[in-house]
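>>> Here's my sequence, what's the structure:
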Amino acid sequence: MQVAGIAATFVWLGMVLAISFLEAPLKFRAPGVTLQIGLGIGRLVFRALNICEVLLAVTVVVAVWAGGAGTLGVAAVAVAVVMLAVQIVAVRPALTRRSDQVLAGADGPRSHAHVVYVGLEVVKVIALVAAGFALAASAS
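Next up is the predicted model:
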């Protein structure tokens, strides 16, 4: 079970890095991608990412619960799971409301929720790196 937890942690980390820090900013630089198209794509991609993240988080939590993880591993997994929960429950709804407004043609300042989401992503990435290495060390 520990191997599954380690693998799920690093897959989760890779998905977050690839989507949040590569795909998300780059799609707006593609020729012909307007803000509205980019937001529409982003909503679909992040919805799918969050579903995958929840499944991976469950796998990691079950692996940690099954035993063998040290205190650092447990704490790091807890931080990653809490960051994901806050993103899904508190921040994504605000981002969805703002993107609904933009898609309807409203102008205005950028959402502060976006900055919060990115900050939570950074914390989650750090927690996943720590969790992955802690889980791997405890499996040795």
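>>> which SSE is the residue most central in space within the chain in?
Residue closest to the mean C-alpha point of the chain, counted by Cα atoms, centre = their mean, is V16 at 5.0 Å. V16 is located in helix 2-18, with elements delineated by DSSP states H and E.
>>> Sort out which residues of the lengthiest helix in the chain are buried, please.
When every helix of the chain is counted residue by residue (DSSP state H), the longest turns out to be helix 35-65. The neighbour-count criterion (16 or more other Cβ atoms under 10 Å) identifies 38-39, 41-43, 46, 49, 53, 56-57, 59-61, 63-64 as the buried residues of helix 35-65. Bear in mind the C-beta positions are built from the backbone N, C-alpha and C, glycine included.
>>> Which strands and helices lie in contact with it?
Applying 3 or more Cβ pairs under 8 Å, 6 or more residues apart in numbering; DSSP states H and E, we find helix 35-65 packed against helix 2-18, helix 24-27, helix 71-86, helix 92-103, helix 112-139.
>>> sorry, back to before: while we're on the residue nearest to the centre of the chain, how confident is the model there?
The confidence metric pLDDT takes the value 98 at V16.
>>> shouldn't V11 be in contact with L56?
Yes. Because the distance of 6.1 Å satisfies Cβ atoms under 8 Å, V11 is recorded as touching L56.
>>> Counting by contacts, list what the helix holding V16 packs against.
Secondary structure elements in contact with helix 2-18, counted by 3+ Cβ pairs under 8 Å, 6+ apart, are helix 35-65, helix 112-139.
>>> angle of the last one against helix 92-103?
Which is helix 112-139. Using axes from the mean of the first three to the mean of the last three Cα atoms, to 10 degrees, the direction of helix 112-139 lies 140 degrees away from that of helix 92-103.
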